[in-house]
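Trainee: fold the following for me, if possible:
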Amino acid sequence: MAGFTLGNMTTYTSQISDIFVKSVMPETLYNTVDIMENVKYKTAINLLSKGLYLQNTVCGPSVSGDTELYQRVLEVCEITSFDKFCMTDLNQYWTNEKLSPGSNITDLDFFSNVYLEDLAGRIAVEVQKIFWRGDTDAGTGNLALCDGIHYILSGSTTVVKTGTTSITTPALAVSQINTMLLSIPAEIQGKPLYIYLSHTLYNYWIQGWNAAFPNQAASCCAGQNGYTHPFYANVTFAPQSGLEGTGSVYIGEKRNFVYGCDIKDEHSKVEVVYNPFDKYVYTTVNWKQGAQVRWPDQIVWNGI
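Mentor: As a prediction, this is how the structure comes out:
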């Protein structure tokens, strides 16, 4: 259903209750990926690869270094949310209790506290979904607006793929993530790493871990940005709202997953305009977002 509707309410003249909105998934992206701002359309992520070849000391040594400068392109997509509703319609329902006196309804405080806050929260969820699961080729709905991490890694021949098994039980969560941990490339062993997965899969892992290792259960849930793995002190779980509903799990450095934007929190800035001539309130949110990885060969991925 498109647009703003009051179809499920009954006309009232008095109502004492406040309005409540359904909870939305929390914002879990910004603390666990690298944010690249000021991207208007495309920007190059400049990278350097160095191969070091040693040799015995002799007169007139031959050149043995191997240095490559290369780029990966980060492209952002422009996305808009646009809606409108008629302020006059609100006079017929209990919402009139929240409106200022007079026939010219221009007081939007009620909506800034309820409707707009809910809108911003739901947009934040979609931003996260698009970052991880966006696919301009095969995506549907909002996921077709921009390419995400899954799409980018699907085209990589160097990402460390450990399997496509769907994690459907706590025991599978433990075994599949253990397999991934054993497949971490040597270059990032011991460095601060994140395990990116859905909240559902994280809950599976907690249940499976506690069942398999009850003596370690108490130490499984500590960490400022997530949950530190009991046996891998450098590895932190980072449940992602944008991965909810998928079976994909990724392990890598924070700096390897790049979220591109023009302004970091632009998607949370809702513009509201009241038009006294047609009695409509218009809301719009405009932002840019994109995704890229720096080194696919230093990411471990399990999923379809």
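Trainee: nearest residue to the middle of this structure?
Mentor: Geometric centre of the chain, nearest residue: Q128, 2.6 Å, by Cα atoms, centre = their mean.
Trainee: check which residues of stretch 210-217 are buried.
Mentor: N210 (16 or more other Cβ atoms under 10 Å). In short, each C-beta sits where N, CA and C put it, glycine included.
Trainee: please compute how far it lies from its chain's middle.
Mentor: 30 Å (Cα atoms, centre = their mean, to the nearest Å).
Trainee: about what we covered before: now the element after the helix or strand containing the residue nearest to the centre of the chain, going C-ward?
Mentor: Secondary structure assignment for Q128, by DSSP states H and E: helix 115-133. Once helix 115-133 ends, the next helix or strand along the chain (criterion: DSSP H and E) is helix 149-154.
Trainee: before we move on, back to that, can I get the helix holding Q128 as CSV, trimmed to CA atoms?
Mentor: Extracted as CSV, the C-alpha positions of helix 115-133 are listed here (Å, rounded to 0.1, in the frame of the first residue of the first chain):
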residue,chain,number,x,y,z
TYR,A,115,5.8,9.8,12.4
LEU,A,116,9.1,11.3,11.5
GLU,A,117,11.1,9.4,14.1
ASP,A,118,9.6,6.2,12.9
LEU,A,119,10.3,7.0,9.3
ALA,A,120,13.9,7.8,10.0
GLY,A,121,14.3,4.5,11.9
ARG,A,122,12.8,2.5,9.1
ILE,A,123,14.9,4.2,6.5
ALA,A,124,18.0,3.3,8.6
VAL,A,125,17.0,-0.4,8.4
GLU,A,126,16.7,-0.2,4.6
VAL,A,127,20.1,1.5,4.3
GLN,A,128,21.6,-1.4,6.1
LYS,A,129,19.8,-4.0,4.0
ILE,A,130,20.9,-2.3,0.8
PHE,A,131,24.5,-2.1,2.0
TRP,A,132,24.7,-5.8,2.6
ARG,A,133,22.2,-7.3,0.2
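Trainee: from the contact counts, what lies against it?
Mentor: Using 3 or more Cβ pairs under 8 Å, 6 or more residues apart in numbering; DSSP states H and E as the contact test, the elements touching helix 115-133 are strand 77-86, helix 149-154, strand 280-293.
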